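Asker: Model the structure of this input:
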Amino acid sequence: MEQDSCTCQGLRVIEVKNFQHIKKILATARRNRITFGTQMNQHSSRSHALLCITVQGTDLATGSKTTGKLNLVDLAGSERVWKSGAEGERLKEAQNINRSLLALGDVIQALRARQTHIPFRNSRLTYLLQDSLGKGSKTVMVVQVSALESNVGETLCSLKFAQRVCKVELGPAARKIESGGGQCD
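Answerer: Prediction:
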């Protein structure tokens, strides 16, 4: 399988043929995801989770191939350090999460302002998502918020971020079709 234009050291590409294999890979990913209890969340995610699904279809009559990519991302939430009680290794994790979320915010702001330079390379997260956040892509964001009154500050931050994301216009999605003579849109 051809490597993505956007790679990151340590990531693996696994070709799957059936749903059972997908379930097995997702179970492994779930076991490998690190969570740790904080004063805010008993099962706080200590990293982002990113699943990239690339599907390729072939038109048997013409031989042309259509490729689509779906990124499913579960962002670790931003927790206020003073509120979470994070120390030591947990504090470093929280700082890294907050830095990558800030970098994602910078990318969203640059896209929204239609800047010529989009800072995708400022974090691994944005680097991996650049082909899904660029022109010709469709992006959907679902925000999970807390119903607890004690988390109203985090909920408002999440909703304000989602509001900024909603204002980004990437243009119409482009189809990726490869004919016998090469790739065209």
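
Asker: Helix, strand or coil: sort out residue 68 for me.
Answerer: strand (DSSP: H, G, I helix; E, B strand; the rest coil).

Asker: let me redo that: residue 144
Answerer: coil.

Asker: how close does the closest residue in space to it that isn't next to it in sequence get to residue 141?
Answerer: Distances taken as CB to CB, 6 or more residues apart in numbering place residue 158 nearest to residue 144, at 7.8 Å, with adjacent residues excluded. Where you see a C-beta, it was placed from the backbone N, CA and C, and this is true even at glycine. Relative to residue 141, residue 158 is positioned 10 Å away (CB to CB, to the nearest Å).

Asker: Residue 69 too?
Answerer: Taking CB to CB, one finds residue 69 at 17 Å from residue 141.

Asker: before we move on, what about residue 164?
Answerer: Taking CB to CB, one finds residue 164 at 10 Å from residue 141.

Asker: Quick check: residue 55 is in a strand.
Answerer: Yes: using three-state DSSP, the assignment for residue 55 is a strand.

Asker: Touching, residue 111 and residue 171? I think so.
Answerer: No: contact between residue 111 and residue 171 fails when scored by CB atoms under 8 Å: they sit 10.7 Å apart.

Asker: now the residue most central in space within the chain, what's its secondary structure?
Answerer: Residue closest to the average C-alpha location in the chain (CA atoms, centre = their mean): residue 73, at 3.7 Å. Put simply, residue 73 is strand when judged by three-state DSSP.

Asker: For it, list each beta-bridge partner.
Answerer: residue 50 (DSSP bridges).

Asker: pLDDT value on the residue nearest to residue 145 when sequence neighbours are not counted, please?
Answerer: Closest residue to residue 145 apart from its sequence neighbours, by CB to CB, 6+ apart: residue 155 at 4.3 Å. pLDDT, residue 155: 84.

Asker: Going forward, count from 477.
Answerer: Done: numbering now begins at 477, and the last item shifts to residue 631.

Asker: neighbours of residue 631, just the number please.
Answerer: 16 (other CB atoms under 10 Å).

Asker: Also the one 5 residues further on?
Answerer: For residue 636, the number of neighbouring residues by other CB under 10 Å comes to 10.

Asker: so what pLDDT did it get?
Answerer: 87.

Asker: Look up how far residue 583 lies from it.
Answerer: Taken as CB to CB, the span from residue 636 to residue 583 is 16 Å.

Asker: Tell me where the model's unsure across this protein.
Answerer: By pLDDT under 70, the weakly predicted segments of the chain are 477-486, 510-523, 553-562, 656-661.
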